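> structure of the sequence below:
(one chain, ligands or ions: 1)
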Amino acid sequence: MPPHPSERLPRTDGPTPHPAAQYSPTAPEIVHMQDQVEQLLVEMSEETQSKSLGYGSSLRGRVAIVTGGATGIGRAIALEFARHGASVAFNYFRHEGAEDVREEAEATAREIAHMEVRVHHASCDVRDAGEVKRFVKDVHEELGPMHILVNNAGIARDRALWRLTDEQWRTVLDTNLTGAFHMIRAVAPMFRRQSDGKIVNVSSVHGIRSEFGLANYSASKAGLLGLTRSAALELGPSNVNVNAVAPGYIRTTRLTSGVPAEILDTARERAVLGRLGDPQDVANVVLFLCSEYARHITGAVIPVDGGHLL
Ligand code: NDP
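Okay, here's the model as predicted:
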C-alpha cells in the first residue's frame with residue numbers, strides 16, 4: 001500500500017533532537033516540498049464527499065419505488081428521495097450464498113422513517129414478473145399511487161466471454177434488463193392513467209463501452225439504454241419522463257468491493273476529474289431527473305463518471 005500522503009511529507013515533529021532542527025533546506029528542496037504540499041491538498045480535496053441537493057421538500061406527496069434500495073447506490077437514492085419528502089418503497093432480494101440483506105434493508109427503512117416519510121420494503125426478485133406485480137400492488141395499497149420508479153437493482157458476474165456459463169449470462173440479463181422491463185410494465189398503466197411519472201434506469205458506463213470480462217454486464221446495461229429510449233418514446237405522450245444514468249466506478253458499494261485496486265486506480269486516472277464517484281453523486285443526478293427541474297428531459301443518458309473524455 002502506498003504511504004498515506006501525510007507520510008510522504010518531511011515530518012516536523014518526532015524525537016529530540018529532531019533532524020529538522022538542524023536542517024535548512026536548499027531552494028530546490030523548498031520547491032519540491034511545495035509540490036508535495038500541493039499534491040497533498042489535491043489528494044485531500046479528492047476525498048471530499050458529495051453533498052445532498054437542497055431542493056427542500058420538493059417531492060412531498062410523491063411516492064417513489066427504488067429497486068435494490070437496501071444497499072449502495074439504491075440506498076443513497078432512497079434516502080435522497082426521503083430527504084426531499086417522498087414516501088419510499090424499495091425491494092431487495094437474498095441471493096444464494098450472499099449475506100442476508102434483510103438487516104441492511106431494515107436499517108435503511110429505519111433511516112428513511114426517521115425523516116418522517118412513509119416507507120415500505122419487501123423482498124421481491126425483479127426477475128420474477130409475478131413477484132414484481134405483487135410488490136407494486138402492495139406499494140399501491142400501502143403508500144398510494146406511485147409517481148417515480150428507479151430501476152437500480154443490478155448484479156455483475158464477470159468472466160471472459162468464452163468462460164461465461166449460460167447461468168451467468170442469463171442471471172445478469174434477467175436482473176439488470178428484464179427486471180427493469182418487469183417494473184416499467186407494472187407501473188406504466190398507472191403512470192399513463194395519471195399522466196404523471198418519472199422513470200430512471202441505472203445503467204453504467206459499461207453500457208456505452210466495455211472492458212474485458214464484462215460481456216454479460218455490458219450487454220445488459222446497453223440493453224437498458226435501448227429500453228430507456230423505447231419507454232421514453234411510448235410513454236412521453238402520457239407525460240412520463242424516462243431517462244438513464246450511466247455511472248462510472250462508484251466507491252464503497254458491494255458491487256465494487258471485489259474489483260481489483262489496479263482497475264479502480266485506472267478508472268480514477270481515466271476520469272478527467274481524477275476521482276471515483278460515491279453513491280451520493282449518482283443519487284443527486286437521479287433526484288434531479290425525478291424533479292420538476294428536469295421536466296423537459298426524456299430519453300437521455302447522463303454519465304456520472306467524472307468525465308471519461310479520452
Ligand atoms: P449493490 O450490490 O449494493 O446494489 C445492488 C442492489 O440490487 C442490491 O441491493 C441487491 O439486493 C439488488 N438486487 C440484485 N439482484 C436483485 C433481484 N434479482 N431482485 C431485486 N433486487 C436485486 O451495488 P451498487 O449499489 O453498486 O449497484 C447499484 C446499481 O448501480 C446496479 O444496477 C449497478 O449495475 C449500477 N452501477 C454500479 C456501479 C458501481 O461502481 N458500483 C457503476 C455503474 C453502475 P440483494 O443484495 O438483496 O440481492
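> residues from the stretch 51-200 of the chain in reach of the ligand?
Counting by Cβ under 6 Å from any ligand atom, the residues of the stretch 51-200 of the chain close to the ligand are 67-68, 70-74, 91-95, 98, 101, 125-127, 152-155, 175, 179. In this view, the C-beta of every residue, glycine as well, is placed from N, C-alpha and C.
> mind listing which of those residues are in strands?
Among those, DSSP state E puts 67, 91-92 in strands.
> burial of the closest residue to Leu255 other than its chain neighbours, as a residue count?
Distances taken as Cβ to Cβ, 6 or more residues apart in numbering put Ala156 closest to Leu255, at 6.0 Å, once the chain neighbours are dropped. By the other Cβ atoms under 10 Å criterion, the neighbourhood of Ala156 contains 21 residues.
> for Ala156, give me its contacts.
172, 214, 217, 255 (Cβ atoms under 8 Å, 6 or more residues apart in numbering).
> give me the lowest-pLDDT entry from the residues you listed.
Least confident by pLDDT among the contacts of Ala156: that is Leu255, with 79.
> name the element it belongs to?
Per DSSP states H and E, Leu255 falls inside helix 254-257.
> any idea which helix or strand comes after that helix?
Remark: after helix 254-257, the chain's next helix or strand is helix 261-270, criterion DSSP H and E.
> per-residue confidence at the residue of the stretch 101-250 of the chain found nearest the ligand, what does it come out as?
Closest residue of the stretch 101-250 of the chain to the ligand, Cβ to the nearest ligand atom: Gly154 (2.1 Å). The model reports Gly154 with a pLDDT of 97.
> check Pro15 too.
35.
> give the contact list for the residue sitting nearest the centre point of the chain.
With distances taken as Cα atoms, centre = their mean, Ile73 lies nearest the centre of the chain, 3.4 Å away. The neighbours of Ile73, taking Cβ under 8 Å, 6+ apart as the test, are 152, 202, 247, 250, 253, 279, 282-283.
> again, only this time at 7 Å
Going by Cβ atoms under 7 Å, 6 or more residues apart in numbering, Ile73 touches 152, 202, 250, 253, 279, 282.
> Val259 versus that one, what's the distance?
15 Å (Cβ to Cβ, to the nearest Å).
> and Met115, by the same measure?
According to Cβ to Cβ, Met115 stands 32 Å off from Val259.
> same check on Gly197?
34 Å.
> who has more neighbours, these two?
Ranked by neighbour count (other Cβ under 10 Å), Gly197 and Val259 place Gly197 first, with 24 against 15.
> the more buried one touches Val240, doesn't it?
Yes. Using Cβ atoms under 7 Å, Gly197 is in contact with Val240, at 3.9 Å.
> what do the two both touch?
In terms of Cβ under 7 Å, 6+ apart, Gly197 and Val240 are both contacted by the residues Phe191.
> burial measure for the nearest residue to Phe135 once chain neighbours are set aside, as a count.
Counting by Cβ to Cβ, 6+ apart, Phe135 lies nearest to Cys124, which is 4.0 Å off, once chain neighbours are set aside. The number of residues packed near Cys124 is 26, by other Cβ under 10 Å.
> so the lengthiest strand in the chain, near the ligand or not?
If you go by DSSP E, the chain has its longest strand at strand 240-247. Yes. Using Cβ under 6 Å from any ligand atom, strand 240-247 reaches the ligand at Pro247.
> which residues sit in contact with Asn284?
For Asn284, the contacting residues are 50, 53, by Cβ under 7 Å, 6+ apart.
> so where's the stretch 101-250 of the chain shaky on pLDDT?
For the stretch 101-250 of the chain, no stretch has pLDDT under 70.
> which residues of it fall in helices?
Under the criterion DSSP state H, counting those that start in this stretch, the stretch 101-250 of the chain contains helices at 102-113, 129-143, 166-173, 179-194, 215-235.
> columns mean neighbour count on top of these, output as TSV?
Rendered in TSV, the data for the helices of the stretch 101-250 of the chain read as follows (neighbours: other Cβ atoms under 10 Å):
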stretch	mean neighbour count
helix 102-113	16
helix 129-143	17
helix 166-173	16
helix 179-194	20
helix 215-235	20
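> between these, which gets nearest to Arg209?
Closest approach to Arg209 among these is made by helix 215-235 (8.0 Å; Cβ to Cβ).
> can you tell me if that closest one touches the ligand.
No. Against the ligand, helix 215-235 shows no contacts by Cβ under 6 Å from any ligand atom, the least distance being 6.8 Å.
> what lies in contact with that helix?
By Cβ under 7 Å, 6+ apart, helix 215-235 touches 156-158, 161, 164, 168-169, 172-173, 176-177, 180-181, 184, 188, 191-192, 199, 201, 203-204, 206-207, 210, 242-244, 298-299, 301.
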